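Asks: Sequence and predicted structure, then a few things I'm wondering about:
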Amino acid sequence: MAGHAAEADDRFGDDYLYFFGEMLGSHPDAEADLIWRLLDLEPGMDVLDLACGFGRIANELAGRGCQVTGLDAVSLLLARARGDAAERGVPVTYVQGD
């Protein structure tokens, strides 16, 4: 597990965010809208976002009133997710794991 987490941190570090972060985070509202409709979500529902990355969907759903837990193996991405959640003032529980 420790080796896998370190490998994930290497693969999805600063370079990953530099090259792909903007592209991946370009339409979180539209993606959250689709997820909201497909899962028939409502405020107050519990949501688990697996491989949540930097929280682009988790933070959107939390902003709509869901109780969100995000799980990811990469500490850098989780730090960014937590920072974004704090800036938005939305409560999301972020957990590092695989």
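Replies: Thanks, I have it.
Asks: ok, residue 66 - contacts?
Replies: Counting by CB atoms under 8 Å, 6 or more residues apart in numbering, residue 66 makes contact with 41, 43, 44, 45, 46, 47. C-betas here are computed from N, CA, C, even on glycine.
Asks: Go again with 7 Å.
Replies: 41, 43, 45, 47 (CB atoms under 7 Å, 6 or more residues apart in numbering).
Asks: Check residue 81 too.
Replies: So residue 81 contacts 52, 54, 55, 58, 59, 70, 94 (CB under 7 Å, 6+ apart).
Asks: Output the below-cut-off pLDDT ranges for the chain.
Replies: Regions of the chain meeting the criterion pLDDT under 70 cover residues 1-28.
Asks: any idea how far residue 68 is from residue 29?
Replies: 16 Å (CB to CB, to the nearest Å).
Asks: circling back to that earlier point, got a markdown table for the contacts of residue 66, with distance to residue 75 too?
Replies: Compiled in a markdown table, the contacts of residue 66 are given as follows (distance: CB to CB, whole Å):
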| residue | distance to residue 75 |
| --- | --- |
| 41 | 28 |
| 43 | 30 |
| 45 | 28 |
| 47 | 22 |
